[in-house]
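**Q** My questions concern the predicted model and sequence given below.
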Amino acid sequence: MPAAPVTRKPGAVRHAGGPALTLGALGVVYGDIGTSPLYAFKEAVKAGVAGGAPLAAAATGAVSLILWALILIVSLKYAVLILRADNRGEGGIVAMLALLGTRHARPGSWQALLLVVGLVGAALLYGDGAITPAISVLSAIEGLKVDAPVLTPFIVPITIVILVALFLVQRQGVAVIGRVFGPVMLVWFLVLALMGVGGILHAPMILTALNPWRAVDFLGHAGWHVSFAMLGAAFLAVTGGEAMYADLGHFGARPIRIAWFGLVLPALVIHYFGQGALLIVEPDAIENPFYRLAPDWAHYPLIALATMATVIASQAVISGVYSLTQQSIQLGFMPLMRVVHTDEGERGQIYVPVVNWLLALATLAAVLIFGSSDALAGAYGIAVSALMAITTLLAALVALKWGYNLYAVVALNGFFLVIDLVFFAANSAKLFEGGWFPLLLAFVVAFLMLTWMKGRQLLEAVRETLRQPEAAFLARLASHPPVTLPGTAAFLTGATEGIPMALGRLVQRSRCLHERILLITVIYEEEPVIPATERARVTLVAAGIRKAISQYTPGMERVVLRYGFMQTASIPEGLQCAVASGLLPAEFLEDMTYFVGHEAIIPSTKNPGMSGWREGLFAFMNRNAERTGAHFGIPAQQVVEVGTEIEI
């Protein structure tokens with residue numbers, strides 16, 4: 001996406017580029033990529049020497065390959081280009097899908113296909129979220145092998161204890177420990193740079209790796225098997241780069257770029273050069289060049305620091321999965337789930353219990369199945385490389401939507417897409433070495449997402465046939481007046497027209513109607529944040545049905561509450577906004593009863609929209625989703641559920 005004038009949507013989120021945000025970005029954005037030196041270079045060199053190449057040549061080639069991968073993929077593609085594809089200041093693949101307007105795509109259209117591709121990309125993040133904590137913490141604890149080989153059998157149990165504690169603490173929130181993320185990672189990157197300088201001083205010839213030809217020449221002479229293995233291993237050094245875009249809304253592009261170019265990139269490059277120099281002078285250090293690069297006296301403090309850094313990296317990934325889940329729920333890609341705000345004063349501090357424990361199960365399974373960072377390296381990378389390719393493709397479409405030159409977009413994004421596909425092909429060679437694990441997780445998540453979306457479409461189609469038209473409902477009220485009940489009745493509905501099924505059934509079976517009726521619809525817009533002043537829209541459905549109150553003629557009114565996909569909808573809060581804007585009298589909120597439809601889904605064999613077992617899966621997901629009233633913050637004592645059986 002070339003830098004060209006383009007009309008942007010108004011109201012984009014702007015961040016100041018202050019030191020606090022830059023420091024925060026170190027802890028949240030760069031935890032994953034910052035801990036890659038624990039395993040990435042080692043795996044790349046091992047792949048290089050597997051074909052019989054001299055260790056010094058493999059080390060130099062690996063350093064050169066990692067350097068230029070960091071420059072091309074992370075620096076140019078993400079930091080310079082992808083960060084431009086913001087949705088009013090928000091980033092991430094779900095925000096990009098919202099920006100492209102794919103949520104309401106017609107089945108069979110190219111937008112629908114694009115939505116499937118995007119959802120697969122989102123699902124890949126769940127696979128990455130399970131692998132990152134496992135490989136990061138394992139690689140840190142494996143430093144015990146250097147000075148205390150007798151502790152090797154305890155590495156996996158120690159890792160499991162740390163990970164279990166990490167997932168247990170999620171429900172308490174991480175706001176307090178989150179404040180130390182930035183300072184700890186600042187120390188971590190400074191230590192990485194210091195270690196690297198010491199290594200380079202012992203073998204300055206490693207600086208020849210600055211020439212990209214060293215990587216090209218080594219790969220060209222190593223044979224395609226070795227080259228692919230080395231490319232796949234070197235890619236581990238750039239995993240975590242996608243966090244730049246995912247966390248754009250929390251920090252803004254400027255602090256993220258300052259942190260990257262000002263500290264993270266220089267520290268990583270110096271450190272990788274230091275590891276390469278170490279192997280030139282000490283070939284036996286290949287089993288753990290990261291810890292061997294440090295003086296013997298510093299090993300145990302370094303293990304402690306590395307463990308803290310990997311826990312921070314894991315926490316950032318886990319929080320990212322929570323955020324992705326919340327966005328997916330808001331946009332209708334996932335069923336309603338309980339989302340707990342652990343810090344009401346800071347957006348993004350959330351905890352999703354179901355996702356937390358499923359992710360914990362997947363992460364612990366990865367540790368137990370693979371047992372070492374070397375083995376996990378085979379599982380790591382394939383999901384991230386596929387996600388990066390999808391992000392490049394979607395970013396190109398965003399650029400075209402914003403009016404950038406077609407040929408420039410194709411040339412530039414095509415160049416990066418080729419790089420992404422080369423790395424994806426290289427990582428695909430690790431499919432049977434462990435790459436199947438994150439892909440399996442991603443497949444399950446993507447399948448559940450698509451099943452939920454298709455099921456909701458089928459359900460809404462049936463709802464439309466069951467809803468009474470407003471005119472017919474009002475005519476029935478006129479011909480058969482119901483008994484009047486005091487107070488206000490609020491009926492929740494997913495549609496902005498027609499009579500909710502709960503209201504129709506209530507009047508039909510009880511022949512009663514409250515003196516004040518609100519038809520409430522919550523809509524999540526395809527933009528991150530809707531201001532409170534634009535929250536509510538109120539339209540009159542029928543006037544003068546009941547007596548006047550406080551000079552106001554109440555009737556049946558439709559209230560549409562609008563929220564962004566980064567916000568949490570609260571119907572009581574939305575109604576207060578309507579009152580504050582003068583759209584509703586305050587009396588309407590007194591003595592209010594909320595009527596919520598509760599639908600029991602029955603899979604149909606007559607005209608199945610999906611296969612029977614998928615309809616059964618959708619019914620199971622719908623049955624176990626969070627209750628609508630609870631999700632929208634309605635007090636339980638004010639909720640009345642009206643049940644309906646619906647065949648799909």
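**A** Cool, the structure landed. No experiment lies behind these values; they were computed from the predicted model shown.

**Q** State the helix or strand in which the residue nearest the centre of the chain lies.
**A** Here the mean C-alpha position of the chain is nearest to the C-alpha of residue 324 (CA atoms, centre = their mean), at a distance of 3.0 Å. Counting by DSSP states H and E, the element that carries residue 324 is helix 299-330.

**Q** Backbone torsions only: list them for residue 537.
**A** phi -130, psi 130 (degrees, to the nearest 10).

**Q** what's near enough to touch it?
**A** Residue 537 makes contact with 559, 560, 562, 583, according to CB atoms under 8 Å, 6 or more residues apart in numbering. Yep, even glycine has a C-beta here, placed from its N, CA and C like the rest.

**Q** Let's verify the last one: helix, strand, or coil?
**A** The three-state assignment at residue 583 reads coil, by DSSP: H, G, I helix; E, B strand; the rest coil.

**Q** Contact partners for it?
**A** 536, 537, 538, 559.

**Q** follow-up on the earlier one: just the buried positions in the helix holding residue 324, please.
**A** 299, 302-303, 305-330 (16 or more other CB atoms under 10 Å).

**Q** repeat for stretch 270-290
**A** 270-280, 282, 285-286, 288-290.

**Q** go on, stretch 454-463?
**A** For stretch 454-463, by 16+ other CB under 10 Å, it's 454, 455, 456, 458, 459, 462, 463.

**Q** ok, now which ones touch the fourth one?
**A** In this case it means residue 458. 609, 610, 615, 618, 648.

**Q** Just the element for it, please.
**A** helix 436-466.

**Q** between the contacts of residue 583, which is closest to residue 399?
**A** residue 537 (32.7 Å; CB to CB).

**Q** Among the buried residues of stretch 270-290, which lie within helices?
**A** Cross-referencing the buried residues of stretch 270-290 against helices under DSSP state H gives 270-280, 289-290.

**Q** where along the stretch 451-600 of the chain do the strands fall?
**A** Taking DSSP state E, counting those that start in this stretch to define them, one finds strands in the stretch 451-600 of the chain at 483-492, 512-525, 536-542, 556-564, 592-602.

**Q** do you know which of the ones you listed lies nearest residue 477?
**A** Nearest of the strands of the stretch 451-600 of the chain (CB to CB): strand 512-525, 7.2 Å.

**Q** what's that closest one packed up against?
**A** Strand 512-525 sits against strand 483-492, helix 501-510, strand 556-564, helix 571-580, with contacts defined as 3 or more CB pairs under 8 Å, 6 or more residues apart in numbering; DSSP states H and E.

**Q** what's the angle from the first one to helix 501-510?
**A** What it means is strand 483-492. With axes from the mean of the first three to the mean of the last three CA atoms, to 10 degrees defining the directions, strand 483-492 sits at 160 degrees from helix 501-510.

**Q** First-to-last residue distance for stretch 235-253?
**A** 24 Å (CA to CA, to the nearest Å).

**Q** from memory residue 77 sits against residue 418, does it?
**A** No - between residue 77 and residue 418 there is no contact under CB atoms under 8 Å: 11.6 Å.

**Q** Between those two, point out the one with more neighbours.
**A** Neighbour count, other CB atoms under 10 Å: between residue 77 and residue 418, residue 77 has more, with 27 against 12.

**Q** Could you give the backbone dihedrals for the more buried one?
**A** According to degrees, to the nearest 10, residue 77 has phi -70, psi -50.

**Q** now it, nearest residue through space, not along the chain?
**A** With sequence-adjacent residues excluded and distances taken as CB to CB, 6 or more residues apart in numbering, residue 77 is closest to residue 416, at 4.8 Å.

**Q** quick one: contacts for the one you found?
**A** Contacts of residue 416 by CB under 8 Å, 6+ apart are 72, 73, 76, 77, 81, 392.

**Q** need the residues you listed in JSON lines with secondary structure, distance to residue 90 and pLDDT, can you?
**A** Below are the contacts of residue 416 laid out as JSON lines (DSSP: H, G, I helix; E, B strand; the rest coil; distance: CB to CB, whole Å; pLDDT from 0 to 100):
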{"residue": "72", "secondary structure": "helix", "distance to residue 90": "25", "pLDDT": "95"}
{"residue": "73", "secondary structure": "helix", "distance to residue 90": "22", "pLDDT": "95"}
{"residue": "76", "secondary structure": "helix", "distance to residue 90": "22", "pLDDT": "95"}
{"residue": "77", "secondary structure": "helix", "distance to residue 90": "19", "pLDDT": "95"}
{"residue": "81", "secondary structure": "helix", "distance to residue 90": "17", "pLDDT": "91"}
{"residue": "392", "secondary structure": "helix", "distance to residue 90": "19", "pLDDT": "93"}
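
**Q** what residue ranges in the stretch 301-450 of the chain are flagged as low confidence?
**A** 343-348 (pLDDT under 70).

**Q** same thing with the chain?
**A** Ranges of the chain meeting pLDDT under 70: 1-17, 103-105, 107-108, 174-178, 343-348, 543-554, 605-608.

**Q** Let me see the domain layout of it.
**A** When the chain is parsed with automatic domain parsing, its domains come out as 19-452, 467-647.

**Q** Please identify which of the contacts of residue 537 is nearest to residue 355.
**A** So of the contacts of residue 537, ranked by how close each gets to residue 355 (CB to CB), first place is residue 562, at 25.8 Å.

**Q** Around that closest one, how many other residues sit close by?
**A** Neighbours of residue 562 using other CB under 10 Å come to 20.

**Q** quick one, phi psi at the closest residue to it other than its chain neighbours?
**A** Leaving aside its sequence neighbours, residue 562 sits nearest to residue 530 (CB to CB, 6+ apart; 4.8 Å). Dihedral pair for residue 530: phi -110, psi 120, per degrees, to the nearest 10.

**Q** got the contact list for residue 530?
**A** 562, 563, 564, 567 are the contacts of residue 530 under CB under 8 Å, 6+ apart.

**Q** if you set the cut-off to 10 Å instead, what comes out?
**A** Contacts for residue 530 (CB atoms under 10 Å, 6 or more residues apart in numbering) come out as 11, 523, 524, 561, 562, 563, 564, 565, 566, 567, 569.

**Q** ok, back up a step: tell me how far the residue nearest to the centre of the chain lies from residue 468.
**A** 38 Å (CB to CB, to the nearest Å).

**Q** and what of residue 258?
**A** 58 Å.

**Q** again, but for residue 482
**A** From residue 482 to residue 468 the distance is 14 Å (CB to CB).

**Q** likewise residue 435?
**A** 53 Å.

**Q** what sits against residue 59?
**A** 41, 44-45, 48-49, 53, 203, 206, 209, 218, 275-280, 283, 286, 289.

**Q** Which helix or strand contains it?
**A** Going by DSSP H and E, residue 59 is in helix 55-69.

**Q** and the next element down the chain from that helix?
**A** Assigned by DSSP H and E, the successor of helix 55-69 is helix 93-100.

**Q** any idea of the angle that next one forms with helix 299-330?
**A** Going by the same axes, to 10 degrees, helix 93-100 makes 30 degrees with helix 299-330.

**Q** Give me the next element, helix or strand, following helix 93-100.
**A** Assigned by DSSP H and E, the successor of helix 93-100 is helix 110-141.

**Q** how much space between the closest residue in space to residue 420 that isn't next to it in sequence and residue 490?
**A** Closest residue in space to residue 420, ignoring its immediate chain neighbours: residue 389 at 3.9 Å, by CB to CB, 6+ apart. Residue 389 is 46 Å from residue 490, where distance means CB to CB.

**Q** got it, and residue 73?
**A** From residue 73 to residue 490 the distance is 51 Å (CB to CB).

**Q** quick one: contacts for residue 628?
**A** 336, 492, 494, 522, 571, 594, 596-599, 634, 639, 641.
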